[in-house]
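I'll drop the sequence and a predicted model, then ask my questions.
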Amino acid sequence: MFEFRYNFNFVPVSTEFIENYMTRAHGDYVKVYLYILCMAIKGGSDEPRRIAKALNMLEGDVLNAIEYWQEQGLLNSAGTTITVGA
C-alpha cells in the first residue's frame, strides 16, 4: 500500500469558488471553508471547537459556516467525515 502526501506549501482554490461563492459569503464563513480545505488537502482532522479557536471564532459560528457550505454544495458530511467538493 502507498501513502500519498501533498508536498506543496499552498492550498489551491478554484476560480469558481472565488468568483461565485466567496463574493457572496460572510467573511468568517470563507475563513472556515479555507481552513477545512487546507485540512482536507493535508489529510488532517479537527473538532469544531479547535477550528473556532484557531480562527478566533465562536464554535457556533464554525458550525453555521459548515452548514452554509453544505447548503451551497461545497461541503458534504457523512457522520464525522466532511468532504470538500461536490
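Nice, I can see it.

can you list the neighbours in contact with the helix or strand where Val62 lies?
Per DSSP states H and E, Val62 falls inside helix 59-72. With contact meaning C-beta atoms under 8 Å, 6 or more residues apart in numbering, helix 59-72 is reached by 21, 25-26, 28-29, 31-33, 36, 48-49, 51-52, 55, 75-77, 82. Glycine gets a C-beta too; all of them are placed from N, C-alpha and C.

for the protein, which residue occupies the most central location?
Ile36 (2.6 Å; C-alpha atoms, centre = their mean).

please identify the helix or strand for that one.
helix 27-42.

by contact count, what packs against the helix or strand just after that helix?
Past helix 27-42, further along toward the C-terminus, the next helix or strand under DSSP H and E is helix 48-55. Applying 3 or more C-beta pairs under 8 Å, 6 or more residues apart in numbering; DSSP states H and E, we find helix 48-55 packed against helix 27-42, helix 59-72.

dump those helices to a markdown table, plus distance to Phe17 and mean pLDDT.
Output for the helices and strands packed on helix 48-55, formatted as a markdown table (distance: least, C-beta to C-beta, whole Å; pLDDT from 0 to 100):
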| stretch | distance to Phe17 | mean pLDDT |
| --- | --- | --- |
| helix 27-42 | 8 | 93 |
| helix 59-72 | 10 | 96 |
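
now the ones you listed as CSV including distance to Thr15?
Putting those into CSV (distance: least, C-beta to C-beta, whole Å) gives the following:
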stretch, distance to Thr15
helix 27-42, 14
helix 59-72, 16
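
count of residues packed around Tyr33?
By the measure other C-beta atoms under 10 Å, the count of residues near Tyr33 is 23.

please read the previous query as pertaining to Ala54.
Ala54, neighbours per other C-beta under 10 Å, totals 13.

same check on Trp69?
Count around Trp69 with other C-beta under 10 Å applied: 23.

same question for Thr83.
For Thr83, using other C-beta under 10 Å, the count is 12.
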